[in-house]
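> whatever this is, show me its structure:
(one chain, ligands or ions: 1)
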Amino acid sequence: MKIVQIGTGGWGKNHTRILSELGVLVAVCDVDFQKSKEYGEKYSVNHYEFLDELLSAEEFDGAFVVTPTSTHTDIAKKLLESKKHVFVEKPMTYKSEDGQNLVKLAEKNKVILTCGYIERFNPAVGVVKKMVKAKKYGDLVMLEFHRGNRMPLHIKDVGIIYDTSVHDIDTSNWLFDDMPQVVFARAGKIKHEHEDFASIMLGYKNDKVAIISSNWITPKKLRKFNAVCTDAIISSDFITQEITVEKDEESEIVQNEKQEPLLLEIQSFLGAIEGKNEHIVKSQEAVNVTKIAEAALLSSQKGIPIYLDLK
Ligand SMILES: NC(=O)c1ccc[n+]([C@@H]2O[C@H](COP(=O)([O-])OP(=O)(O)OC[C@H]3O[C@@H](n4cnc5c(N)ncnc54)[C@H](O)[C@@H]3O)[C@@H](O)[C@H]2O)c1
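Here you go, the predicted structure:
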């Protein structure tokens, strides 16, 4: 299998390392020539400044798009038009309408389109998903997510809802195995150009609810969630991958092997290209996350709940 990597910045350099270790990386491309040269030479693969050059020179099966969100649509469109399998980092596109068009294009050209909602591949989330599905602690009623960090200074094109809260929106849809019917949000900006704090409420059927709280104000890197079930509260940390179950006075620590989510995510995409029955984020699910992010932003601007009817 032959894979190329578009964008070798802060996050993309991790994909490049893993793809090289897996022996599938054949070329890298970054408009910052120094970066494409650095990673091309580091991993002994061809390097390009422009996607068009790469497309006319390389034969490959699939591509990773790890460039700023505002560039995803144009890059993914070209790759899909060339009948390549495409993995786009989150959020898939800035506008859900563009994402919907990419979904149609991938279907027309019979190629895979997926998106980097990495927490699905976080082993801790996997354990909680299994517990919820098996109703080990009764029915899942509420989810609470909390992320905090100083804003990564290189992000210029989106605020915290599109950059950060989207991870929890996707995890919430995944754990509830449902799409929200209503979104209500409050968001504002204290230190940055775009919104830098947000509280989002997602309402699912039967009064089930997720509360997503994200901020780029407080300095500590914090990524936690609680799954409130009818018989216990399951708490987990996306970073340490630890899980605690509070059932009664005693709390139980669940043993779980820590693994790199990005490796598991990349392996799933490669497996799907090979035709294996791997779990990947469906392109429509990724478009739905963008629709929910759009609704959250609109809700916070207008001060009203936004009702959705998602596929
Ligand atoms: N899944 C996650 O946990 C996670 C974490 C961080 C970032 N991301 C996502 O990854 C993407 C990239 O983020 P980042 O932090 O690496 O940004 P970055 O700015 O550090 O890197 C982006 C790179 O893309 C290059 N680039 C820009 N336009 C290009 C184009 N048209 N063609 C080729 N290269 C181009 C830039 O020169 C830069 O090197 C974003 O979509 C972000 O949301 C996901």
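
> let's verify the residue in the stretch 151-300 of the chain positioned nearest to the ligand: helix, strand, or coil?
Among all residues of the stretch 151-300 of the chain, His154 sits closest to the ligand, at 4.6 Å; criterion: CB to the nearest ligand atom. To be clear about C-beta, it is placed using only N, CA and C from the backbone, and glycine gets the same treatment. Per DSSP: H, G, I helix; E, B strand; the rest coil, the local secondary structure of His154 is coil.

> give me the number of residues near the residue nearest to it when sequence neighbours are not counted?
Of all residues not flanking His154 in the chain, Gly10 sits nearest, at 6.5 Å (CB to CB, 6 or more residues apart in numbering). When neighbours are counted by other CB atoms under 10 Å, Gly10 registers 11.

> can you show me the strands along the stretch 1-150 of the chain?
Listed in chain order, the strands of the stretch 1-150 of the chain (DSSP state E, counting those that start in this stretch) span 3-6, 25-29, 46-48, 62-65, 85-88, 113-115, 140-148.

> contact residues of this protein facing the ligand?
Proximity of the chain to the ligand (CB under 6 Å from any ligand atom) is limited to residues 6-12, 29-32, 35, 51, 66-69, 71, 75, 89-90, 116, 118, 154, 163.

> now with 5 Å?
Within the chain, the positions lying close to the ligand (CB under 5 Å from any ligand atom) are 7, 9-12, 30-32, 35, 66-67, 69, 71, 89, 116, 118, 154.

> just the buried ones from those?
7, 11-12, 30, 35, 66-67, 69, 71, 89, 116, 118 (16 or more other CB atoms under 10 Å).

> in terms of helices and strands, where is Val289?
If you go by DSSP states H and E, Val289 is part of helix 283-302.

> relative to Pro68, how far out is the residue in the stretch 1-150 of the chain positioned nearest to the ligand?
Closest residue of the stretch 1-150 of the chain to the ligand, CB to the nearest ligand atom: Gly9 (1.8 Å). Using CB to CB, to the nearest Å, Gly9 is found at 8 Å from Pro68.

> pLDDT averaged over stretch 54-73, what's the number?
Averaging pLDDT along stretch 54-73 yields 97.

> next, count neighbours for Tyr43.
The burial count for Tyr43: 19, using other CB under 10 Å.

> the host helix or strand of Arg223 vs strand 140-148, what angle?
In this structure, Arg223 is located in strand 222-229 according to DSSP H and E. Relative orientation of strand 222-229 and strand 140-148, computed by axes from the mean of the first three to the mean of the last three CA atoms, to 10 degrees: 170 degrees.

> next one: strand 222-229 to chain centre, how far?
The chain centre lies 17 Å from the centre of strand 222-229; the measure is CA atoms, centre = their mean, to the nearest Å.

> strand partners of it, parallel vs antiparallel please.
strand 140-148 (antiparallel), strand 233-237 (antiparallel) (DSSP bridges).

> make a markdown table from the ones you listed and add distance to Ser268 and mean neighbour count to it.
Putting the strands paired with strand 222-229 into a markdown table (distance: least, CB to CB, whole Å; neighbours: other CB atoms under 10 Å) gives the following:
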| stretch | distance to Ser268 | mean neighbour count |
| --- | --- | --- |
| strand 140-148 | 23 | 19 |
| strand 233-237 | 21 | 20 |
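
> now render those as JSON lines, adding mean pLDDT and distance to Leu308.
Converted to JSON lines, the strands paired with strand 222-229 look like this (pLDDT from 0 to 100; distance: least, CB to CB, whole Å):
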{"stretch": "strand 140-148", "mean pLDDT": "98", "distance to Leu308": "17"}
{"stretch": "strand 233-237", "mean pLDDT": "97", "distance to Leu308": "27"}
